[in-house]
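Engineer: compute the structure for the input listed below.
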Amino acid sequence: MWQIHPWEKHPGNSSCEPLSEDSPVSAQCFKTQSLPQIQQPDEAGCFFTNVSLSSFSRDFRYYQDSIVAEASLVEDVTEIQVNASRKLLISRIGGLALFDDANSYYHTGEMYRGKIKVIDYRGKALKHKEVLLVLNSGEWRFKEKYVTGDSGTASFSLDTTAWNSTLVSLEASVLHQDLDREPGTVDLSYQRASYFIRPFYSTSRSFLSIVRVPETMPCGKKESVQVDFRIYEEDLEHGPKRVIFSYFVTGKGGIVHAGQKTIWVALPRMLEGFFSIPLTFSLTYAPAPRLVVYVIFPNGKIIADSATFSVSLCFRNEVELGFSKPETLPGSQVGLHLLAAPGSMCAVWAVDRSTLLIKPGRELSSHSIYGLFPSVYNSRYPHQVSEDDHSCGFPNADEPDVFTAFREMGLKIMSNTNIRKPRVCPTTSLTTKLQKTGVFISRPMLMFAQPRKAYNRPVVTRSLLFPSEYLTSTYQPIMFPPLSSAEEKVHKPFPQTWLWDLYSVGPSGNKNVTVTVPDTITEWKAGMFCTGHNGFGFASASSLLVFKPFLVELPLPSSVVQGETFNLKATVFNNLQQCMKIQMTLEEFAHFQLKPCKGCVYSSCLCAGEAKTFQWSVTADQLGIMNITLHTEAVATKELCGEEIPFVPKEGQKDTIVRLIQVRPEGVLVEKAHSSILCPKKGNPAQESVSLMLPLNVVEGSVRATILVTGDLMGTALQNLDNLVQMPHGCGEQNMVLFAPIVYMLQYLEKTRQLTPEIRERATRFLRNGYQIQLQYQHPDGSYSEFGTKDEYGNIWLTAFVIKCFVQAKPYIFLDKRTIEAALTWLEFHQLPSGCFRNVGQLVHAFMKGGVDGEVPLAAYITAAYLEAGATPESTVVRKALGCILPSLPKAASTHTQALLAYTFALAKDSQRTQDLLDMLDQKAIRADGQIHWSQTSSKYRHSTSSWSHPVSVDVELTAYILLALLSKPNITGSDLTTASGIVAWLTRQQNAYGGFASTQDTVVALQALAKYAALTYSTQGVAEVRVRSHGGFGKKFQVSYQNRLLVQEAALTEVPGEFLVQAHGSCCVFTRMVLRYNTPSPQDSTSFALQVKTEPLNCTEDNARSVTVSVSVRYNGKKSTSNMVILEVSLPTGFVLAPGSGMSLQHWHSVRRTEKTQGGVAVYLDKLTHVFDTYILHLEQEIEVTNLKPGHVRVYDYYSPEEQALADYNIFCI
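Structural biologist: Sure, this is the predicted structure:
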């Protein structure tokens, strides 16, 4: 948080726009105060302004201690605007007094010395300031005035004789404060300093003191540490007198140095003097070495002192990193020089400088590396091995004595000398009573931390022997930023990371690498660390400036609708100090109409810091990919630009930008799939006829049809692992839809010996990414939920789902077993004495919520998850869970519950109950055309004679569970396989164009079942030829064999509408899928949801022409009181984006679980909908001018049953 101070009449304020692309100099910046200010940013994209604080009231009735500064940056030529705001705290502290170079203990009878320093709010030392020192010791009080010198400090020396070995408090304050205060205004002052010092306990009058070194010493520096002492004759033996000073130095490796110093005593009564200990503060000393010096006298008495020093952070392996040149062009090659100890392995990275500006704490540095190992700062030792005396019934206070000096070093000592102050137990009536009743604690208490909290957070305790700023239980001379977990990324249209590689420097310790610079104008920050036989090494950051003579900006929409016309604006900026003649050429392409704007020319002079925008009108004529190719060149000419001949740079004088824009058809996409299994028998081909028919309202030119052929049941799904379900992926369950099928695919390919290294690498890459993403939805207690810690509790169903998937993924990727163990512990905690499970968290799966079957479905699902994760039926959790399920078995009414129970008992190897349930389910089966499936409702509503897929998610899921139950039986009969093949025939008909299904759980369970069936029926024998013919003469052949069975072969069908005959000849089964895609303009009515969309403004003015408000009202029309979780998707018209900073206004925010930006708009996850309209408002801004604008679309659908949906269009009128 930034701070400003009222003493600054015009405090400087800066505003910067950290961009990778060079920020254009020609821009206007507005900063709101009482009146807006308009300024031009400098070349770094920053502008500075003075804000007068005189207009802000200091009246205590209105004073709020903060102001809010808002800044907007508007680019002149493109009119693109970015906004930023910052809350600025107004400090009431104009400066402060502080104690400097002062110990936290004193020796009675010796002078106590220290310094008082006065600084202002900038940290600047203030000279000639009068300060008052107040000392309190019991009833004794002392005051003295001092004046700071040129260094801003005032030294004081105090006689400790009268302090009587008591606790002493010091307070320093600044006198004659010259801070004006008007009546009725807030108090503005200097902050006082307080300090407590305690008497040092020793049985000897002699003492020694280590002179502190306040500054941080460079690594490897030789330093002589001075030790002052005073020795009295009473502590020395008769005869020749000598004093042996012993010392230890501890560093991060323990005791790193030890020695002795002998002083001969010549004086009869007292020896006073000093000596030096030469130390070289090497790597092993850093970062916080400690020195203890002690003397043991012949009479058994001992004196000691210790001190902590600060050493700069260094590493044993000296490494260097550098670029071959400081500046280069985008896309060019540059040399990278690595230097390290021979044989070292080095990690090199280079990131965009803007990422470090936005997230400065993320940069790796020596400080952050040492911060990973806080133990190097630790002093003392664990309390389990401490010598604290609890004989009085309570812990001993940290009273400074000789023992404390060693304890602060972390040194355990054994000694027969008197090194500790004796305990004097109080004898009040209360303590006597507590001692008699035995209430006192005899050992330290343990504090248990919550899971996944910051265990290494330093616990700072006040040292009573040495200055608190030096000696704490975790000494940190430099404050390290906390390491955050996870944290959210900033997306830009350019790479944020360039280099991320490992290199070996070889036996020479040198390596030169040639790298290609990204095609981005920015400054790259490169760093490196190395490890080898010589240890760890870290190189400071090296910079590379990527620069072009001119910069071209070409903002384009990612896609346009056929028939729309957009204004293409290309802006060129001159980055040189000389003038150039710039010429622009836009290539024509068959997919669009290109029209120059009226009066536009496409060459222009650009002098230093100038920019020019060139415009064209582009109309998207044809569907497909539009190729935008723009050439920009600095041309040579004799015509003057201003008063000089245009300059032509030797490098970077030409620039070509190629952008691809998708031209979409108008309306809403309809996608249909027709899947078949064709198995030739006894030389006779298998065939079927497929009719590709279109509705009357199809959008012209939007029709596309393809046929896919593969020799493997899992082929299409394997090809589309990252695209199985056409839904957003913004919650914990949806992420697992990407994760779980990959595990089943790998298991299938392993069993059938089809797993190649290439497939394994691609699949495990998806798994590792999915695992890391899923951890973001984990709660500190080990459970998982749809939206992670945004949910109040973990979700018991999702946690079970994650566990079984993680355990099954262990053979393929590394997973931290602690995450699995924590989730299992959480599940077991929520198992009830009955064996059932407590329904914890937001359960969005409708058929897991209970209903007529109570707790049984949830218990059955979790039991199956345990068994799939490797648990046995005899394990405690499973045995108890089966005890919950068994009593309700005869009463299970739901088809979905019966299917889930059949699978659970099959996994539990309970053959009889499995078969009983399958027999019950067989009576409910729907059989038609060789296909078998089940429906949650009556068959007359679910059976469709259409050969095109109309998947009902719950029917797919429960049918897949029955297939899993059949195939999980210990003994699978021929009848079972016949039934399974009929189920597979129906399931494949329900697959979408990508091999998935309609929603999440149906996709996961169905692909698991299909993979199990495919592995069981796998064969390497046979070949086939697939022939596709139409009545219009179209013909295509596909060859399928064992060698290419995983290959998905594809061909476009050009005769639509039309009739096609598909034949399979040969000796093996093939899997075909026809996919028909087209757009329709107006969505049909829905019985599930009511949807209304309105836009404002209706009447356009110049002020509101670029801003639009979209209001979406939706309600549930179904038979239940509320819906399941619902997703609301809003697609934005071409050229529009969500208004910066506005996001979405939610009048019914309580139902919103998450909002997520999608490629074409925004998706909103709603907890539920009722029969009352809820309204959601979006604020849009036009970023690119588009005419003949086509409508935007809104879709609302049930999360688990996407077939229950409603669609609506909306238009924007101010265009």
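
Engineer: not counting sequence-adjacent ones, nearest residue to Ala993?
Structural biologist: Counting by C-beta to C-beta, 6 or more residues apart in numbering, Ala993 lies nearest to Val1075, which is 4.3 Å off, once chain neighbours are set aside. C-beta: built from backbone N, CA, C; applies to glycine.

Engineer: now Asp401
Structural biologist: Spatial nearest neighbour of Asp401, excluding adjacent residues (C-beta to C-beta, 6+ apart): Tyr201 at 4.2 Å.

Engineer: ditto for Ala864
Structural biologist: Closest to Ala864 by C-beta to C-beta, 6+ apart is Thr904, at 4.5 Å.

Engineer: domains in this structure, by residue range?
Structural biologist: What automatic domain parsing lists as the domains of the chain is 2-90, 100-174+191-199, 201-314+360-489, 320-342+496-546, 550-664, 797-888, 1083-1210.

Engineer: out of those, which comes closest to Phe739?
Structural biologist: Proximity to Phe739, assessed across the domains of the chain by C-beta to C-beta, is greatest for domain 797-888 (5.8 Å).

Engineer: span of the closest one from start to end?
Structural biologist: Here the two ends of domain 797-888 are set 20 Å apart, with distance taken as C-alpha to C-alpha, to the nearest Å.

Engineer: what is the mean pLDDT for that domain?
Structural biologist: Taken as a whole, domain 797-888 has an average pLDDT of 88.

Engineer: check stretch 145-157 too.
Structural biologist: Mean predicted confidence for stretch 145-157 is 91.

Engineer: burial of His950, as a residue count?
Structural biologist: Neighbour count for His950, taken as other C-beta atoms under 10 Å: 12.

Engineer: confidence score at it?
Structural biologist: Value for His950, per-residue pLDDT: 72.

Engineer: close enough to count as contact, it and Phe997?
Structural biologist: No: counting by C-beta atoms under 8 Å, His950 sits too far from Phe997 to count as a contact (11.5 Å).

Engineer: identify the contacts common to those two.
Structural biologist: Common contact partners of His950 and Phe997 (C-beta atoms under 8 Å, 6 or more residues apart in numbering): Gln990.

Engineer: ok so, going back, wait, which of the domains of the chain is closest to Phe1038?
Structural biologist: Of all the domains of the chain, it is domain 550-664 that lies closest to Phe1038, at 25.0 Å by C-beta to C-beta.

Engineer: mean confidence score for the closest one?
Structural biologist: For domain 550-664, mean pLDDT is 90.

Engineer: gap between the two ends of that domain?
Structural biologist: 33 Å.

Engineer: how distant is it from the center of its chain?
Structural biologist: 38 Å (C-alpha atoms, centre = their mean, to the nearest Å).

Engineer: one step back: which element is the residue nearest to Asp401 on?
Structural biologist: Tyr201 belongs to no helix or strand when assigned by DSSP states H and E.

Engineer: packing partners of the strand or helix carrying Tyr1176?
Structural biologist: Following DSSP H and E, one finds Tyr1176 within strand 1174-1182. On a contact count with 3 or more C-beta pairs under 8 Å, 6 or more residues apart in numbering; DSSP states H and E, strand 1174-1182 meets strand 1107-1116, strand 1136-1138, strand 1144-1146, strand 1161-1166.

Engineer: any buried residues in that strand, and which?
Structural biologist: Within strand 1174-1182, the residues scored as buried using 16 or more other C-beta atoms under 10 Å are 1174, 1176-1180, 1182.
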